[in-house]
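Peer 1: Pasting a predicted model and its sequence here:
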Amino acid sequence: MRRIEISHVTEYLFSSRVSLLPHRLLLRPRENHNIRIESSVLEISPAHTLQWKCDVLDNSVALVGFTEPSDRLRVSSSVVIQHYEENPFDFLVDDYAVIHPFEYANEHRAELAPFQQSVYPSDRDAVQRWLDGLGLQQPMETFALLDRMNREIAGGFVYQMREEPGVQPPALTLECRSGSCRDFAALFMEACRFLGLASRFVSGYLFAPATAAGNASTHAWAEAYLPGAGWKGFDPTSGEVAGNKHIAVAVARHPEAVPPVAGSYLGSPDQRPLLTVAVRVRALAAS
């Protein structure tokens, strides 16, 4: 078992006082058989009210209401998790789904159908041409298909850190041959859905040597549903199958649905808030 501390500070500075409207925070990791939350501290200023809830996909959501104007918004999350070792390849796919193409079992179709629907239908032709070029539209082992797509994005595209909000459409990622982790995850998802495989977007953190120095950022990858194995993560930024370096915070059907901090404000139209984000993910000594 590894103990990991995740520090995530988001700060907005305004040139004059504004009225902060309700904000939605997705900062608390998803607990499961691999991850247990040992402690969690969320500090927010200015004065506010706070309510926790779970959304329809069981993401932990903090709803924040502000009670006074301010020229600064600061959200600081500090979480310590216990991350248990897991072999990401220790799973078995149900016999009927070992070879792609296949149809999901009747009892799963209603739940999985939303995750098979294209988010970028106008990009369908571009995704199809990309898959055709890779020779992936023929019967083959399902996991090998997903692993090949994952590695093709990691090896054939240039990673670029984009500060702009939102996600780049897959067709643009294919045209530019570059993108951020969010963009690569969106392309992987759309390719899965084109092939009839349920997929979803994952927002979270990555534990790696560089992140301990405090120069980390949030990370994004994708999951595909494999009967018998469940939701399996694929990180097209690195080409790896998601394992004990990946710490999921939120999952969503749409890639733009789960930003870590989301909200708005009322102020003068010439306001241009200055945003700073500091993320650190580091290992702690065993307790």
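Peer 2: Noted; the coordinates are in hand.

Peer 1: And the contacts of stretch 256-264?
Peer 2: Applying CB atoms under 8 Å, 6 or more residues apart in numbering, the external contacts of stretch 256-264 come out as 8, 10, 20-27, 59, 64, 75, 165-167, 201, 203, 218, 249-252. Every C-beta, even on glycine, is put in place using the N, C-alpha and C of the backbone.

Peer 1: among these, which ones are buried?
Peer 2: When burial is judged by neighbour count using 16 or more other CB atoms under 10 Å, the buried members of the contacts of stretch 256-264 are 8, 10, 20, 23-27, 59, 64, 75, 167, 201, 203, 218, 249-252.

Peer 1: Show only the entries of those residues found in strands.
Peer 2: Judged by DSSP state E, the buried ones among the contacts of stretch 256-264 include 8, 10, 20, 23-25, 64, 75, 201, 203, 249-252 as members of strands.

Peer 1: just those residues now: which is nearest Gly228?
Peer 2: Val251 (19.5 Å; CB to CB).

Peer 1: Tell me what the closest one is bridged to.
Peer 2: The partner list for Val251 in beta bridges (DSSP bridges) reads Val202.

Peer 1: What mean pLDDT does the helix or strand where Gly263 lies get?
Peer 2: Of the helices and strands defined by DSSP states H and E, Gly263 is found in strand 261-266. In this model, strand 261-266 has a mean pLDDT of 95.

Peer 1: and if you look at stretch 206-217?
Peer 2: Stretch 206-217 carries an average pLDDT of 71.

Peer 1: Just the buried residues of the helix or strand containing Asp132, please?
Peer 2: For Asp132, the element it lies in under DSSP H and E is helix 124-134. Neighbour-count burial for helix 124-134, counted by 16+ other CB under 10 Å, picks out 126-127, 130-131.

Peer 1: could you point out which element follows it?
Peer 2: On the C-terminal side of helix 124-134, the nearest following helix or strand under DSSP H and E is strand 140-141.

Peer 1: which ones are touching Ser76?
Peer 2: In this structure, Ser76 makes contact with 7-10, 41-44, judged by CB under 8 Å, 6+ apart.

Peer 1: Now with 6 Å, please.
Peer 2: If you count contacts by CB atoms under 6 Å, 6 or more residues apart in numbering, Ser76 has them with 9, 43.

Peer 1: what's the distance between it and Val41?
Peer 2: Look at Ser76 and Val41: by CB to CB, to the nearest Å, they are 8 Å apart.

Peer 1: for Glu85, same thing?
Peer 2: Using CB to CB, Glu85 is found at 26 Å from Val41.

Peer 1: Likewise for Leu21?
Peer 2: Using CB to CB, one obtains 24 Å as the distance from Leu21 to Val41.

Peer 1: And Pro29, by the same measure?
Peer 2: For Pro29, the distance to Val41 (CB to CB) stands at 13 Å.

Peer 1: Name the residue in the two with the higher neighbour count.
Peer 2: The residue with more neighbours, out of Pro29 and Val41, is Pro29; 21 against 10, by other CB atoms under 10 Å.

Peer 1: list the contacts for the spatially most central residue of the chain?
Peer 2: The residue at the geometric middle of the chain, judged as the C-alpha nearest the mean C-alpha position with CA atoms, centre = their mean, is Ser203 (1.9 Å). By CB under 6 Å, 6+ apart, Ser203 lies in contact with 220, 249-250, 258.

Peer 1: and if you look at Arg72?
Peer 2: Counted by CB under 6 Å, 6+ apart, Arg72 has contacts Leu13.

Peer 1: No further questions, thank you.
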